[in-house]
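*Asks:* based on what follows, work out the 3D shape:
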Amino acid sequence: RRYDAGKDGFIDLMELKLMMEKLGAPQTHLGLKNMIKEVDEDLDSKLSFREFLVIFRKAAAGELQEDSGLHALARLSEIDVSTEGVKGAKSFFEAKVQAIHDASRFEEEIKAEQEEKKKQAEELKQRKAAFKELQSAFKQ
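*Replies:* Numbers count the residues shown, from 1 in each chain. You can find the predicted model right below:
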């Protein structure tokens, strides 16, 4: 949210550029495009919150290249308890848990929206069938 300048719920190329610069790991234009491409599941050339979380899942699974921008981003988002202390770590992990909860809620909203679209498509199909049936009665 901090880096979503457009307030549209996505991180686009320029917002990612700004974020990486502010985190102290600036990337080239091509590097930024590759970062987005690696986790952009819906191929819209921007990162949703869910796609952003994929970065950390891949980092935890060791699926990111050491020299990639995504690896740098994941590393910058880690917390060192020895320097931050237990209270800092607690806040960090509470924020992570909240983010995961928000992502789950977001996924539920997407599923509900998809179900609604399916329902509307089915209703439209039924209306068209009823119209064709009525139309055929007039042709006879």
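*Asks:* excluding chain neighbours, what is closest to residue 5?
*Replies:* residue 15 (5.4 Å; Cβ to Cβ, 6 or more residues apart in numbering). All C-beta atoms are positioned from the backbone trio N, CA, C, and that covers glycine.
*Asks:* got phi/psi on the most centrally placed residue in the chain?
*Replies:* Nearest to the geometric centre of the chain sits residue 48, at 2.5 Å (Cα atoms, centre = their mean). In terms of degrees, to the nearest 10, the main-chain angles of residue 48 are phi -80, psi 170.
*Asks:* pLDDT at it, what is it?
*Replies:* According to the prediction, residue 48 has pLDDT 86.
*Asks:* likewise residue 128?
*Replies:* Per-residue confidence (pLDDT) for residue 128: 94.
*Asks:* how about the backbone phi and psi for the closest residue to the residue nearest to the centre of the chain other than its chain neighbours?
*Replies:* Spatial nearest neighbour of residue 48, chain neighbours left out: residue 10 (5.7 Å); criterion: Cβ to Cβ, 6+ apart. Dihedral pair for residue 10: phi -130, psi 150, per degrees, to the nearest 10.
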